[in-house]
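**Q** what's the 3D shape of this:
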Amino acid sequence: MAAPLRGRQPEQESSTQMSQRLQAYSDALLSIIATVMILPVAHTKVHPDQKLGESVQQLLLTKIAVYLMTFLIVTVAWTAHVRLFQVIELIDDVLALLNLACMMVITFLPYTFSLMASFPGVPFGIFLFSVCAIVIGLIQAVIVVYGFYHPHLLNQDINSVNHDACKRHMLKIILRGPALCFLAAISSFFFIPLSYVFLGLVIVLPHLTRFLMWCKQKVVGQRDEEEQHSLETFTFYLSEPLSKERVEAFSDGVYAIVATLLICDICEDNVADPRDVEEKFHGSLLEALSEYGPNYLAYFGSFVTIGLLWFVHHSLFLYVIKPTRLMGLLNTFSLAFIGGLPLAYQLTSEFAEKSHNEIEAIQVSCVITFFASIFQFAIWTTALLHEQETLHPFARYGGKEHAFMFAKLALYPCVSLGAFFLTCLLSEFSTAVFHLMQIVVPFAFLALRIFVRISLTVIKSVMSLSRQKVVLLEEEEACLSPETLS
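**A** This next block holds a predicted model:
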């Protein structure tokens, strides 16, 4: 039998429930929406015989830039959702339906992004995206008002503080995004680049606001004591780093969906037409499918890359006790490039051997892999800078696991960067270099622990020998000293 909810009346207990399942559903949906944003970019069709000229490159770069911006805006909405349900602990039917309405609007965002990416010079796409973001923010504001109107739904730890001040504070945080999106929607009809500036501010404004508040606190000092106490107690929930569990759940969702998108493309584009099998290949399905060999190779290589990057992410957060805000931001950037791996798959599968764009396709794949992995490396570096509060003791600087983790995180950045420059130098062998990278990396992961152990053993042996030499020299000096001789 479940334990009674503290401080609630029996009739309240019967109509409310904990919000964990709602949060899990929302995390899954938001990770899906953030990831499928890449589809309009990945499905940009470029014929293998068509050169990846300046116009096509500009189109791809525009789509990738818009994708990164919209991915980060969706993660801002996810962060706001996490903060919201840190404060609201219980939900009832009204809150569940309001959250469902918010999720429904969020699921429409990939369509608006498709319009933005396909028609970057037409204002309607960015206007529709901005309107959806405004509606999402307004629904979240209604959830805040409803939650504070029914205090029994709130987290018990903040029930003793000034609710009016806390509600105003939270509404101000939630509504600044919709306000910027409103400006983006209006300016889209006059000057589209200004709209993108306002949408970019949605991403950077939370960090800019925190910096300005810190400066103000240093210059002006503390506020009124009662209000300061209330806001300090309340903003603890809003300013603390996101929980490790929520970050892992959202990240796992992105990795899983990216891996799933690859097989969806295989099922859609690489199933032979029955009529072609009969006419061209005399009923031999195996012979017909052999034409898709490069596509299968690209699929397995891309899946291995995604799987190993998830493995590195899993290993990294296995050692993390508590992520900092900067670690969360770096993780978001890493996930944004992980979401771009279906584009890398499309390029390397469609630009088969002897394509005019083979080198460019491979280099784009190397760049995406490099940035996805280098941000993981940056997470580890940031964790080491605050190792007392972020890392388990056995993974801190100087230990065996620290050395192994360092090597594991450095592998993909080094390999992808090396493959990029090798394709520039050895353009004739670019495909062989790229496929060799995909084949070698899994075996490198298997051999990495052995290599690190051998390296550490050699280093320890060298250090112990040097210590022994120092001790022997000291003993010889002691024997030859005048005091000893006398």
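**Q** all strands in this protein, in order from the N-terminus.
**A** Secondary structure of the chain (DSSP state E): strands located at 17-18, 90-91.
**Q** What strands line up against the first one, and which way round?
**A** Think strand 17-18. Partners of strand 17-18 in the sheet, by DSSP bridges, are strand 90-91 (antiparallel).
**Q** average pLDDT for the partner strand?
**A** For strand 90-91, mean pLDDT rounds to 84.
**Q** okay, and for the stretch 51-200 of the chain, where does confidence drop off?
**A** Scanning the stretch 51-200 of the chain with the threshold set as pLDDT under 70 gives 51-60, 157-162.
**Q** Kindly recompute the last result at 80.
**A** Along the stretch 51-200 of the chain, the parts satisfying pLDDT under 80 run over 51-63, 117-121, 155-166.
**Q** where along it do the helices fall?
**A** With DSSP state H, counting those that start in this stretch, the ranges of helices along the stretch 51-200 of the chain come out as 54-87, 93-107, 109-118, 123-149, 163-187, 192-220.
**Q** picking that back up, which one, of the strands of the chain, ends up nearest to residue 402?
**A** Closest approach to residue 402 among the strands of the chain (C-beta to C-beta): strand 17-18, 38.0 Å. All C-beta spots, glycine's among them, are computed from the backbone N, C-alpha and C.
**Q** and the closest residue in space to residue 317 that isn't next to it in sequence, how many neighbours?
**A** Nearest non-adjacent residue to residue 317, counting by C-beta to C-beta, 6 or more residues apart in numbering: residue 248, 5.6 Å away. Number of residues near residue 248 (other C-beta atoms under 10 Å) recorded here: 17.
**Q** quick one: contacts for the closest residue to residue 253 other than its chain neighbours?
**A** Once flanking residues are discounted, residue 253 sits nearest to residue 31: 3.0 Å by C-beta to C-beta, 6+ apart. By C-beta atoms under 8 Å, 6 or more residues apart in numbering, the contact set of residue 31 is 78, 250-251, 253-254, 257.
**Q** so where is the stretch 251-400 of the chain shaky, pLDDT-wise?
**A** The stretch 251-400 of the chain contains residues with pLDDT under 80 at 262-302, 343-363, 387-388, 391-400.
**Q** For it, just list every one of the helices.
**A** 274-280, 285-289, 293-319, 325-338, 341-350, 358-385, 387-390, 400-425.
**Q** okay, now residue 318: neighbour count?
**A** If you count neighbours by other C-beta under 10 Å, residue 318 ends up with 12.
**Q** go on, residue 63?
**A** 22.
**Q** Give me the buried positions along stretch 375-394.
**A** By neighbour count on 16 or more other C-beta atoms under 10 Å, the buried set for stretch 375-394 is 375-380, 382-384, 387, 390-391.
**Q** cool, and stretch 307-323?
**A** Within stretch 307-323, the residues scored as buried using 16+ other C-beta under 10 Å are 308-310, 312-313, 315-317, 319-320, 323.
**Q** any idea how far residue 31 lies from residue 260?
**A** 12 Å (C-beta to C-beta, to the nearest Å).
**Q** make that residue 307, sorry
**A** 12 Å.
**Q** Residue 420 now?
**A** Distance of residue 420 to residue 260, computed by C-beta to C-beta: 27 Å.
**Q** Compare those two (neighbour count), which wins?
**A** More crowded of residue 420 and residue 260, by other C-beta under 10 Å: residue 420, with 20 against 13.
**Q** how far away is that one from residue 263?
**A** Per C-beta to C-beta, residue 420 is found 27 Å from residue 263.
**Q** same check, this time on residue 439
**A** Distance from residue 439 to residue 263, counting by C-beta to C-beta: 20 Å.
**Q** the more surrounded of the two?
**A** Each of residue 439 and residue 263 has its neighbours counted (other C-beta under 10 Å); residue 439 has more, 14 against 11.
**Q** how many other residues sit next to the nearest residue to that one once chain neighbours are set aside?
**A** Distances taken as C-beta to C-beta, 6+ apart put residue 301 closest to residue 439, at 8.0 Å, once the chain neighbours are dropped. Using other C-beta under 10 Å, residue 301 is surrounded by 21 other residues.
**Q** coming back round to it: among the helices of the stretch 251-400 of the chain, which comes closest to residue 89?
**A** Among the helices of the stretch 251-400 of the chain, helix 325-338 comes nearest to residue 89, with 21.8 Å by C-beta to C-beta.
**Q** how does this structure divide up, domain by domain?
**A** What automatic domain parsing lists as the domains of the chain is 14-240, 245-472.
**Q** picking up where we left off before, would TSV of the buried residues of stretch 307-323 with distance to residue 331 be doable?
**A** As requested, those are arranged in TSV below (distance: C-beta to C-beta, whole Å):
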residue	distance to residue 331
308	17
309	12
310	13
312	12
313	8
315	14
316	9
317	9
319	14
320	10
323	7
